[in-house]
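Trainee: predicted model follows, preceded by the sequence.
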Amino acid sequence: MTTIGVIIVLLAVDLAVAAVRPHRVGFREAAAWSVFYVLVAVGFGLWFLSAHGSVFGAEYFAGYIVEKSLSVDNLFVFVIIMATFAVPEEHQHKVLTFGILLALVMRGIFIAVGATLLSLFSFMFLVFGALLLYTALQLFRHRNEDPDVENNVIVKTARRVLPVSDEYNGGKLFTRLDGRRLVTPLFVVLVAIGGVDLLFALDSIPAVFGVTEQPYIVFTANAFALLGLRALFFLVKGLLDRLVYLSAGLAIILAFIGVKLILHWAHVDIDKRIPEVPTPISLGVIITILVVVVIASLLKTRGDTSVTAHAGSLRASRSTDRETD
């Protein structure tokens, strides 16, 4: 309960800053908040390691790194959403904070459901593993594409069902025009981010269950990774275009964790002699892939500024479909 209390306090501070003082977040402020959240996450991990042992401590850090790396892909999509809906810079802070809150709620629900399913049915490790392998394959196939936000089912439904105003109206979610109550474009942006949060939760929760079966570790790894996402957005959004191999690297990480889950299922349900992948090895593999991806991306874009990174997509965009027809 203490951990949840700390997370709620940190979220409340974020919401208060976003609501009370809408402003353009500069590099210094973003860097300070990013360092703060990383130190909080690492400090919690060190305490957790000393209190509960090296095994659980390693699982927390592995889960945190997995979620942090996947959250960077979230940032790509957030940038696309902000650009698509032309969100003013002074309101981006608020959008991101509400997006993180929505993500925490959704992931909390998925963690509870996932933990229950895994405790009742061991074959769910096989299901989760297969889901990650499918996601990895799709992400790798469409690694050079971006999600089509405007044609997202949730966004299209919101636009069709709800009366939307043309102006952001000071960052409000609702407004009145000629006596008629309307939602502002900011409301639609939150709907879009909520839909993205839902899709990412479907992938990230099985991924982190691949490094630990403890719901508490899964939740804290997710929470601390997401809490720093707002500041990280403003810190690295200018560098995201250079991470050209990130989607491919994340696809490899998801495939690796998918295989790990399937091996665990086979070890439990088929034959104890089937090997499992220890957490320290998982941690080493994930860190190595991320380091290689970042270095290779920076080297690639240093000599060719025309190369641009993409968020990756789980299905081909409409423009791609038309090109292949």
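Mentor: Good, I have the coordinates.
Trainee: quick one, helices of the stretch 201-325 of the chain?
Mentor: 215-227, 229-236, 246-269, 279-302, 318-324 (DSSP state H, counting those that start in this stretch).
Trainee: now do the third one against helix 279-302, angle only.
Mentor: Relative orientation of helix 246-269 with respect to helix 279-302: 160 degrees, computed using axes from the mean of the first three to the mean of the last three CA atoms, to 10 degrees.
Trainee: what about helix 246-269, distance to the chain center?
Mentor: Offset of helix 246-269 from its chain centre (CA atoms, centre = their mean, to the nearest Å): 18 Å.
Trainee: likewise the second one?
Mentor: Relative to its chain's centre, helix 229-236 lies at 12 Å (CA atoms, centre = their mean).
Trainee: if we can go back for a sec, by mean pLDDT, show me the worst of the helices of the stretch 201-325 of the chain.
Mentor: Among the helices of the stretch 201-325 of the chain, helix 318-324 carries the lowest mean pLDDT, a mean of 49.
Trainee: and for Ala251, the neighbour number?
Mentor: 21 (other CB atoms under 10 Å). C-beta: built from backbone N, CA, C; applies to glycine.
Trainee: could you tell me how many residues sit around the residue nearest to it when sequence neighbours are not counted?
Mentor: Using CB to CB, 6 or more residues apart in numbering and skipping residues adjacent in sequence, the residue nearest Ala251 is Phe140, 3.9 Å away. The tally of other residues near Phe140 (other CB under 10 Å) stands at 17.
Trainee: against Ser313, how distant is Phe140?
Mentor: Separation of Phe140 from Ser313 (CB to CB, to the nearest Å) stands at 11 Å.
Trainee: ditto for Lys300
Mentor: 20 Å.
Trainee: what do you get for Arg159?
Mentor: Counting by CB to CB - Arg159 and Ser313 are separated by 21 Å.
Trainee: compare these two and say which is more crowded by neighbours.
Mentor: Ranked by neighbour count (other CB under 10 Å), Arg159 and Ser313 place Ser313 first, with 20 against 15.
Trainee: pretty sure the more buried one contacts Asn144?
Mentor: No: Ser313 is beyond contact range of Asn144, at 9.2 Å (criterion: CB atoms under 8 Å).
Trainee: got any ranges where the stretch 101-250 of the chain has weak pLDDT?
Mentor: Scanning the stretch 101-250 of the chain for pLDDT under 70 picks out 149-152, 171, 237-238.
Trainee: one step back: so which of the helices of the stretch 201-325 of the chain is nearest Pro163?
Mentor: helix 318-324 (26.0 Å; CB to CB).
Trainee: returning to what we had before: in CSV, list the helices of the stretch 201-325 of the chain along with distance to His91.
Mentor: What follows is those, written out as CSV (distance: least, CB to CB, whole Å):
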stretch, distance to His91
helix 215-227, 20
helix 229-236, 13
helix 246-269, 27
helix 279-302, 30
helix 318-324, 28
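Trainee: ok so, going back, check contacts around the residue nearest to Ala251.
Mentor: By CB atoms under 8 Å, 6 or more residues apart in numbering, the residues touching Phe140 are Ser247, Ala248, Ala251, Ile252.
Trainee: can you tell me how far the last one is from Phe78?
Mentor: It stands for Ile252. From Ile252 to Phe78 the distance is 23 Å (CB to CB).
Trainee: of these two, who's got more company?
Mentor: Neighbour totals were compared for Ile252 and Phe78, and Phe78 leads with 26 against 19 (other CB under 10 Å).
Trainee: what kind of secondary structure is that one in?
Mentor: What DSSP: H, G, I helix; E, B strand; the rest coil gives for Phe78 is helix.
Trainee: from the centroid of the protein, which residue is nearest?
Mentor: Ser71 (3.2 Å; CA atoms, centre = their mean).
Trainee: show me what contacts the nearest residue to Val183 once chain neighbours are set aside?
Mentor: Sequence neighbours aside, Leu162 is the residue nearest to Val183 in space, at 5.1 Å (criterion: CB to CB, 6+ apart). Counting by CB under 8 Å, 6+ apart, Leu162 touches Val183, Phe187, Val188.
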